[in-house]
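Participant: could you work out the structure for the sequence below:
(chains A, B, C and D)
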2 protein chains.
Amino acid sequence: MAQIVNHADVDRSLADLEHASELEDLQAVIIKLRDTYCIDHLVYHWVNSQGDQYGCGTYAPAWVDRYIEKDYLRIDPVVLGCYQRFHPVDWKRLDWSSKAARSFRREAIEFGVGNQGFSIPIRGPNGQYALFTASHNCSDTDWDEFTKTNRRPLILLAHFFNQKALEFEPDRLPEASRALSPRETDAMTFLAMGLNRAQAADTMAISEHTLRVYIESARFKLGAINTTHAVARAMSRGLIVV
Amino acid sequence: MAQIVNHADVDRSLADLEHASELEDLQAVIIKLRDTYCIDHLVYHWVNSQGDQYGCGTYAPAWVDRYIEKDYLRIDPVVLGCYQRFHPVDWKRLDWSSKAARSFRREAIEFGVGNQGFSIPIRGPNGQYALFTASHNCSDTDWDEFTKTNRRPLILLAHFFNQKALEFEPDRLPEASRALSPRETDAMTFLAMGLNRAQAADTMAISEHTLRVYIESARFKLGAINTTHAVARAMSRGLIVV
DNA sequence: TGGCCCCTCCCTATTTTTGGGGAGTTGTTT
DNA sequence: AAACAACTCCCCAAAAATAGGGAGGGGCCA
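Facilitator: Here you go, the predicted structure:
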């Protein structure tokens, strides 16, 4: 188990990362970092809402293939468990109670992933979601020691890595759509909060008829075919925040 | 304009940040950092889907009060513009074309915010959204020079700061919102896409009655009071992506 | 000044959604 | 074996949303 990390090596790897000019370079950096930390694996895995995914790291290619083939993204308790967290999490603290999760874990260990892991969730707009994971095969106490010591550098590394990976992603701009007027925005917001038209109209201190006009003009501007659609579009375009 | 940054001071501030044990400590750190970078302002601003917000930074208290009072969160092109991005962005590149945006900007400058700014968006689960912003009053070329030089340290700082701020937030969720079942997720997704119940049922190849059961159970799980609310919540919690 | 957009109010009908209820199958977890 | 969750189907009556139409006042911009 790695207790001593050569920080100069980490710095060197970060410098390499800094100068990475294509996705492939990241792979080399992550291998070096894995060696520096003397752990079994270090992995960066990125998914977006279109189902595109990109990963680099030190897992066995056979495991990666199997993971994709079996669509383990939908079972993996690490992915699911981190999805709703903002804090890094030790795999021990995740929910392995379901049968699917346990058999997934058994298989992962067979492929050399390791029995211990520490994952850092990172998020982007529109459901983009990345995980930076360190994994290893060792006792609970050794692993706790490792994560306690290296928690913060790993977090920094995760964000550094993510930032670099995103440089190779185009910054997809929001679709051009006419902005909503203030009242339309209010209307969409209150509807998204669950008020019905009468309540929203009351809250906005206007008649329900007037509110309807706003909803319809918002629907028109957003190219939506009903209120729910309009609210969904307003949200996904960031026009309202709920 | 600040061209020379004392990195030892930055490191010292980071060490302080490391040892921050309450939210108030962050305020002291951000002031030091602002001074180190010799810019007018450095601000961390955090919002979640419940409308809770927390900020620390160096803006004039009068501006912060005005911002909250006027609900500028819904107008501010920085907030809205960053909402859909994952890359840090220079304020110059945002959309200031609307009248509301321009008058907002005018007012912000009056309150000493500065004519230049650089904001880094950071996201968490459930619609949590934070901005780490540096702002200053200077020429475009000076500011471009500054952001070019300090882009990466600022990004690291942003995530460091965010990580620390989140330590004071409870990592809520386990059963706060139970995951939706696959069919419920489908139902929410099709409704968010604008289909009505008949169309969604048709698309899912089930009866409309069955679809209704999914919608109602999803609504129950999400604690939503109607369909639009349920879709909005599912979206803001990242359970569906449209 | 004329055009355009925003804000406000009103009508009638029709379609859609909602809020209750109930019932059976399959599968997994304990 | 029993409990639970997910998936499927059905009825009814009441509430809400929708699709058309129309009208006037105010502000901004060219």
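
Participant: which stretches of chain A form strands?
Facilitator: Under the criterion DSSP state E, chain A contains strands at A:41-47, A:53-57, A:89-90, A:116-123, A:129-136.

Participant: by mean pLDDT, show me the worst of those.
Facilitator: When the strands of chain A are ranked by mean pLDDT, strand A:53-57 comes last with a mean of 85.

Participant: in TSV: the strands of chain A, plus mean neighbour count and distance to DNA strand D.
Facilitator: Where you see a C-beta, it was placed from the backbone N, CA and C, and this is true even at glycine. Formatted as TSV, the strands of chain A follow (neighbours: other C-beta atoms under 10 Å in any protein chain shown; distance: least, C-beta to the nearest atom of the strand, whole Å):
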stretch	mean neighbour count	distance to DNA strand D
strand A:41-47	22	21
strand A:53-57	18	23
strand A:89-90	17	23
strand A:116-123	24	23
strand A:129-136	24	22
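
Participant: just send those strands back as a markdown table, with distance to chain B too.
Facilitator: What follows is these, written out as a markdown table (distance: least, C-beta to the nearest C-beta, whole Å):
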| stretch | distance to chain B |
| --- | --- |
| strand A:41-47 | 11 |
| strand A:53-57 | 14 |
| strand A:89-90 | 8 |
| strand A:116-123 | 4 |
| strand A:129-136 | 8 |
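
Participant: surely residue A:168 touches residue A:21?
Facilitator: No. Using C-beta atoms under 8 Å, residue A:168 makes no contact with residue A:21, being 9.1 Å away.

Participant: between those two, who's got more neighbours?
Facilitator: The neighbour comparison of residue A:168 against residue A:21 (other C-beta atoms under 10 Å in any protein chain shown) goes to residue A:168, with 13 against 8.

Participant: residue boundaries of the helices in chain A?
Facilitator: For chain A, the helices defined by DSSP state H occupy A:7-19, A:23-37, A:61-69, A:77-83, A:99-110, A:140-167, A:182-192, A:197-204, A:208-222, A:227-236.

Participant: so which of these is the most packed in?
Facilitator: Comparing the helices of chain A by mean neighbour count (mean count of other C-beta atoms under 10 Å in any protein chain shown), helix A:227-236 ranks first with a mean of 25.

Participant: got the CA coordinates for that one in CSV?
Facilitator: The C-alpha coordinates for helix A:227-236 follow below in CSV (Å, rounded to 0.1, in the frame of the first residue of the first chain):
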residue,chain,number,x,y,z
THR,A,227,-47.4,24.3,-20.8
THR,A,228,-45.4,21.3,-19.4
HIS,A,229,-43.3,21.4,-22.6
ALA,A,230,-42.8,25.2,-22.3
VAL,A,231,-41.6,24.9,-18.7
ALA,A,232,-39.3,22.0,-19.6
ARG,A,233,-37.8,24.1,-22.4
ALA,A,234,-37.5,27.2,-20.3
MET,A,235,-35.6,25.2,-17.7
SER,A,236,-33.3,23.4,-20.1
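
Participant: dump the strands of chain A to JSON lines, plus distance to residue B:119.
Facilitator: Below are those laid out as JSON lines (distance: least, C-beta to C-beta, whole Å):
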{"stretch": "strand A:41-47", "distance to residue B:119": "22"}
{"stretch": "strand A:53-57", "distance to residue B:119": "26"}
{"stretch": "strand A:89-90", "distance to residue B:119": "28"}
{"stretch": "strand A:116-123", "distance to residue B:119": "17"}
{"stretch": "strand A:129-136", "distance to residue B:119": "20"}
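
Participant: show me the shaky parts of chain A.
Facilitator: For chain A, applying pLDDT under 70 flags the ranges A:1-7, A:48-51, A:74, A:84, A:125-127, A:170-179, A:242.

Participant: show me how it divides into domains.
Facilitator: A:7-167, A:182-236 (automatic domain parsing).

Participant: could I get the ones you listed as CSV with distance to DNA strand C?
Facilitator: Converted to CSV, those look like this (distance: least, C-beta to the nearest atom of the strand, whole Å):
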stretch, distance to DNA strand C
domain A:7-167, 3
domain A:182-236, 3
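
Participant: in JSON lines: these, plus distance to residue B:237.
Facilitator: Below are the domains of chain A laid out as JSON lines (distance: least, C-beta to C-beta, whole Å):
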{"stretch": "domain A:7-167", "distance to residue B:237": "8"}
{"stretch": "domain A:182-236", "distance to residue B:237": "11"}
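
Participant: residue B:118 is nearest to which of those?
Facilitator: Among those, domain A:7-167 comes nearest to residue B:118, with 14.4 Å by C-beta to C-beta.

Participant: can you tell me the centre-most residue of chain A?
Facilitator: By C-alpha atoms, centre = their mean, chain A has its centre lying nearest to residue A:129, at 1.9 Å.

Participant: quick check: bridge partners of that one?
Facilitator: Beta-bridge partners of residue A:129, counted by DSSP bridges, are residue A:47, residue A:123.

Participant: so which bits of chain A are right by DNA strand D?
Facilitator: Contacts of chain A with DNA strand D, taken as C-beta under 7 Å from any atom of the strand, map to A:196, A:197, A:198, A:212, A:213, A:215, A:216, A:219, A:225, A:226, A:227, A:228.

Participant: 10 Å - rerun?
Facilitator: Residues of chain A that fall close to DNA strand D, judged by C-beta under 10 Å from any atom of the strand: A:191, A:194-201, A:208-213, A:215-216, A:219-220, A:224-231.

Participant: tell me, which of these make contact with chain B?
Facilitator: Subset of the residues of chain A next to DNA strand D in contact with chain B: A:191, A:194, A:196, A:224, A:225, A:226, A:227, A:228, A:229, A:231, counting by C-beta under 8 Å from any C-beta of the partner chain.
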